[in-house]
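Participant: I need the structure of the sequence given here:
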Amino acid sequence: MIKRLAYMLSCVLPLAVGLMISSTECNAQKRVLSKKLQIDLREVTIDSALNYISYKTNVFFSYSSDIIDERQRFTIAYEEANLEAVLHQLLLGTGVEYTIINGQIILFKSKASSKAQYFFETVNVRGNVRDVETNEPIPGINVYVAGTLKGSSTDINGNFELKGLSPGKYEIVFSHIVYNLAHTLVTVEGDQQFVHIPIKLEPKITQLQDVEVVANSETQKNWHKGFKVFEEEFFGNTQNAGKCSILNPEVLNIEYDRNSGELKATADEPLIIENLALGYRINYILELFEHTPTVTRLLGISNFEELPVNNNAERKRIIRNRQKSYQGSMTHFLRSLTNGKLKKEGFVIDEVNELPSSINNSYFELPAKLHADREQFAFDNTLKFTKYLLVIYTKEYESSAYVFDQLQMANQDAAAFNNSLVGINRNVGQMSFIKLNLPVVTINSKGFFNEPLAVTTYGYWSWERVAEYMPFEYSP
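Facilitator: As a prediction, the model looks like this:
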């Protein structure tokens, strides 16, 4: 069915490749596309958008009813723009093109889009960001996909685009110094060439007062002591941690009780982190940080940028470090799980009733017993269990620093403990535990959970913290 807007079209000519256009026709097309209009539409269908444009410009459109998926919604806003700019923004990423015949705009699917049979390996996410109070578009909002290298920012009209997302579920984050953090979950499907998401942000409540804040030496001393504890717990104690630094520590608010050892931290802005070992700059939104002598709770949203590499030797070092960090990681485990290669990749798993209360000899004997007595579990792309899943990576030893930390938590003397292990097989893997926060969690092909905050980790994975973080896109 062909849709006609405003009036019946007359003399709609067939389209032809290589159609010659006279100078008169060319000038007529320019006049059509140069027509000015103001437009402010949110979450409307293609029919509604084109009807509005037709009403404002007295330009008429003709197109097939199935040219754009009826599920798609469009948001577009310009104070004043010509018709060419409006159509470019409206049709961007849809696979729809247009031609002008006798002053009328004919929409059609491009040949490349038609051959794709409506399935796309990657999808673009587009959207518009506005102030919730004024409904005005907001330029300069940082927009990125949590845990990835993908990011963008809004233009003067509040529009943004994130390109090249594979089908799956993503957390899109919106960040700005004067607006409250916002994030939304987006499902990207292969039968859509783009997904559109509108968002409204709330301004941060600030009180502008002429108040001079004077920090005394004791307060400053306590903050610096707390910051050292924060860095150690935030980055962890792995080898990579020594190559990590926070470039804007002044945005951190730290409450540190030196007597109890308890620490809480918040951040007014995203932390800017440089990891020279892995070659990334991380923009990290700190959502939660609480530390006691026995437990550290850390929650945040990260976005990655590649650091510039000075020479080939440095590039090789970064590649080696990334590979080492990946081996035995949760991402490595989940990818091995979904590919049916747990045993080949060196993982052994078992469901256990509870976490170990302390380290003892049986703790070190467990990997060998599991190898001998049990087969690997059969999973596909889901995890479902009620207790704890013990995961052991058998191709690497646990770091001596990690073992020592565990001994300290268990109040055991390291020297005495080592003496008690004489004669025991020390071929110990890296032991981690998973507890589900949902009845069932699903894993995508990239080796990540589709559901945010799907699990809680204990053991080695919880010890390897921000210093080992890498983007979802990484593959050895």
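Participant: Do you have the helices of the protein handy? List them.
Facilitator: For the chain, the helices defined by DSSP state H occupy 23-33, 46-57, 83-91, 111-115, 217-235, 312-326, 330-338, 342-345, 361-373, 400-409, 414-420, 460-463.
Participant: Include mean pLDDT and distance to D155 when you put those helices into TSV, please.
Facilitator: C-beta coordinates here come from the backbone N, C-alpha and C atoms, glycine included. TSV is the format used below for these (pLDDT from 0 to 100; distance: least, C-beta to C-beta, whole Å):
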stretch	mean pLDDT	distance to D155
helix 23-33	79	20
helix 46-57	88	19
helix 83-91	90	10
helix 111-115	52	25
helix 217-235	91	34
helix 312-326	95	33
helix 330-338	89	34
helix 342-345	90	44
helix 361-373	45	54
helix 400-409	70	47
helix 414-420	48	58
helix 460-463	86	40
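Participant: These into a markdown table, with extra columns for distance to E473 and mean neighbour count?
Facilitator: Converted to a markdown table, the helices of the chain look like this (distance: least, C-beta to C-beta, whole Å; neighbours: other C-beta atoms under 10 Å):
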| stretch | distance to E473 | mean neighbour count |
| --- | --- | --- |
| helix 23-33 | 38 | 13 |
| helix 46-57 | 32 | 18 |
| helix 83-91 | 28 | 18 |
| helix 111-115 | 25 | 11 |
| helix 217-235 | 22 | 16 |
| helix 312-326 | 12 | 15 |
| helix 330-338 | 11 | 20 |
| helix 342-345 | 20 | 15 |
| helix 361-373 | 31 | 14 |
| helix 400-409 | 27 | 15 |
| helix 414-420 | 40 | 12 |
| helix 460-463 | 20 | 20 |
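Participant: Would you reformat those as CSV and include distance to K435?
Facilitator: Converted to CSV, the helices of the chain look like this (distance: least, C-beta to C-beta, whole Å):
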stretch, distance to K435
helix 23-33, 59
helix 46-57, 46
helix 83-91, 46
helix 111-115, 45
helix 217-235, 21
helix 312-326, 23
helix 330-338, 13
helix 342-345, 19
helix 361-373, 18
helix 400-409, 18
helix 414-420, 27
helix 460-463, 11
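Participant: quick one: which of those is nearest T296?
Facilitator: Among the helices of the chain, the nearest to T296 by C-beta to C-beta is helix 217-235 (4.8 Å).
Participant: For that closest one, which outside residues touch it?
Facilitator: 215, 241, 244, 246, 249, 252, 254-256, 258, 261, 263, 265, 289, 291, 296, 298, 465-467 (C-beta atoms under 8 Å, 6 or more residues apart in numbering).
Participant: Just the buried ones out of the residues you listed, please.
Facilitator: Taking 16 or more other C-beta atoms under 10 Å as the criterion, what is buried in these is 241, 244, 246, 249, 252, 254, 256, 263, 265, 289, 291, 296, 298, 465-467.
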